[in-house]
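Asker: Mind folding the following:
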Amino acid sequence: MIPTTQETLTTEEYMLYSSYGDLYDEDLEPCNKEGVRNFELWFLPTFYSLVFLLGLIENTLVVLVLLKYKRLKSMTDIYLLNLAVSDLLLVFALPFWSYYVVEEWVFGDGLCRFISWVYMLGFYSGSFFVMLMSINRYLAVVHVAFALRARMVSYGILASLVVWLVSILAALPQLIFSQTFDYYTQTICKPVYLEKRWKIFTSLEINVLGLLFPVMVMLFCYTKIVKTLLLCRDEKKKKAEKMIFAVVIVFFLFQAPYHIVLLLRCLYDVGIFRGCLISQNLDYASQATQTLAFFHCCLNPIIYFFMGQKFKKCIKLLFKSCISSGILCRTCELSDTFHTESSGSLYNQSTSDETPL
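Answerer: Purely as a prediction, here's the structure:
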């Protein structure tokens, strides 16, 4: 039985319980989370399963087409491949979380740390590769001459390696602090912050690296791109502008709510506001907005990939190959259908002729 007064709690126990779901408010008054639990039992598994299926199918198709047909011949292809891998890391964790919500954590302490780390690795790397895609387009449209030298496959590989290294380091707190522990009759897998400063640091890190920094870079890049495109308008430019706004708006709408809730949770942790009702509402908001953020990995392939006419043809050929041969990896000759993109083009993008960025 969990103690309900501060006198019967050790320091370690108090920090442990207050780090998980805020079972108590700042005065250690019991906070009933039964309603939150009932909500997550039907809400999270349903949407986790939907995101897992869509994200797995879409991003796997992206990887297959890039490796089989595009052959990674441009910086854009490199970033698209890495973005798809980032999204696959996110959806990889969802079956574990879905089972965990319904039952308990049965996969052991090692997988608890690893799955938590993989989730955050996919989260950070995904945001960073969306940012790199924005920088890539900015160079292609605004600084064409410089792009001839800078937008090389070797530089794309180097930038991707840097992003993965930064993402690995940024996700380390999840690997370090996540652990399993017994709560009543169930086994829990969550981060344990025996010092509140580490919980606050993690929340701020997620907000700054995962949202604020990428959004600032994206806004700068796309503002410059739009100004450049407005100087010479045509139908292709209009389609390019639509994709630009789609990228920014979708990223912000699907990622920002979750980060705002994390920031509010951080303010709750430092005592800016308190109370059981606020804690319950933050739990509801966290579950809803986190699922929304997960769903962003299903939209990345649509925005960056499937809107391109070339890749629609690639996918059709891929499925035709599967149907006719019965296997996924049948070779298909596309040399007459697809050509290597020109890195000096003002509207250089490997993914689409219809949306030339």
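Asker: contacts and neighbour counts: CA atoms only from here.
Answerer: Fine.
Asker: So which residue is dead centre in the chain?
Answerer: For the chain, Phe123 is the residue whose C-alpha lies nearest the centre (C-alpha atoms, centre = their mean; 3.7 Å).
Asker: Before we move on, what's the pLDDT of it?
Answerer: On pLDDT, Phe123 comes in at 91.
Asker: repeat for Met120
Answerer: Note on Met120: pLDDT of 93.
Asker: which residues of the stretch 151-300 of the chain score low on pLDDT?
Answerer: 232-245 (pLDDT under 70).
Asker: Helices of this protein, residue ranges please.
Answerer: All helices of the chain, identified by DSSP state H, fall at 11-18, 34-65, 75-102, 108-142, 144-150, 153-170, 172-177, 196-207, 213-230, 235-269, 276-301, 309-325.
Asker: re the thing from before, spatially nearest residue to the residue nearest to the centre of the chain (excluding sequence neighbours)?
Answerer: Leaving aside its chain neighbours, Phe123 sits nearest to Leu90 (6.7 Å; criterion: C-alpha to C-alpha, 6 or more residues apart in numbering).
Asker: Tell me which of the helices of the chain sits nearest to Thr185.
Answerer: helix 75-102 (13.9 Å; C-alpha to C-alpha).
Asker: Give me the helices and strands touching the closest one, please.
Answerer: helix 34-65, helix 108-142, helix 153-170, helix 276-301 (3 or more C-alpha pairs under 8 Å, 6 or more residues apart in numbering; DSSP states H and E).
Asker: that older thread, using JSON lines, please lay out the helices of the chain together with distance to Thr185.
Answerer: Putting the helices of the chain into JSON lines (distance: least, C-alpha to C-alpha, whole Å) gives the following:
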{"stretch": "helix 11-18", "distance to Thr185": "15"}
{"stretch": "helix 34-65", "distance to Thr185": "15"}
{"stretch": "helix 75-102", "distance to Thr185": "14"}
{"stretch": "helix 108-142", "distance to Thr185": "15"}
{"stretch": "helix 144-150", "distance to Thr185": "57"}
{"stretch": "helix 153-170", "distance to Thr185": "33"}
{"stretch": "helix 172-177", "distance to Thr185": "22"}
{"stretch": "helix 196-207", "distance to Thr185": "26"}
{"stretch": "helix 213-230", "distance to Thr185": "42"}
{"stretch": "helix 235-269", "distance to Thr185": "27"}
{"stretch": "helix 276-301", "distance to Thr185": "22"}
{"stretch": "helix 309-325", "distance to Thr185": "48"}
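Asker: Any idea how many residues pack against Leu194?
Answerer: As a burial measure, Leu194 scores 18 neighbours (other C-alpha atoms under 10 Å).
Asker: ok, it to Ile200 distance?
Answerer: According to C-alpha to C-alpha, to the nearest Å, Leu194 and Ile200 sit 12 Å apart.
Asker: Could you do Ala93 as well?
Answerer: For Ala93, the distance to Ile200 - C-alpha to C-alpha - is 24 Å.
Asker: before we move on, what about Leu64?
Answerer: Distance check for Leu64 against Ile200: by C-alpha to C-alpha, it reads 40 Å.
Asker: What of Leu56?
Answerer: Relative to Ile200, and taking C-alpha to C-alpha, Leu56 is found at 32 Å.
Asker: what's the burial count for Thr187?
Answerer: 18.
Asker: Correct me if wrong: it contacts Cys112.
Answerer: No - distance between Thr187 and Cys112: 10.8 Å, which falls outside the contact criterion (C-alpha atoms under 8 Å).
Asker: So for the two, which residues contact both of them?
Answerer: Residues touching both Thr187 and Cys112 by C-alpha atoms under 8 Å, 6 or more residues apart in numbering: 105, 180.
Asker: re earlier: and Tyr183, which of the helices of the chain is closest to it?
Answerer: Among the helices of the chain, if distance is taken as C-alpha to C-alpha, the winner is helix 11-18, at 9.2 Å.
Asker: quick check: mean pLDDT across that closest one?
Answerer: What helix 11-18 shows for mean pLDDT is 36.
Asker: pretty sure Val192 is touching Gln174, no?
Answerer: No - counting by C-alpha under 8 Å, Val192 stays clear of Gln174, with 9.5 Å between them.
Asker: how deep is Phe146 tucked in, by neighbour count?
Answerer: Phe146: 12 neighbours (other C-alpha under 10 Å).
Asker: so it sits right up against Met152, yeah?
Answerer: No - shown here, Phe146 and Met152 do not form a contact pair, counting by C-alpha under 8 Å, at 11.0 Å.
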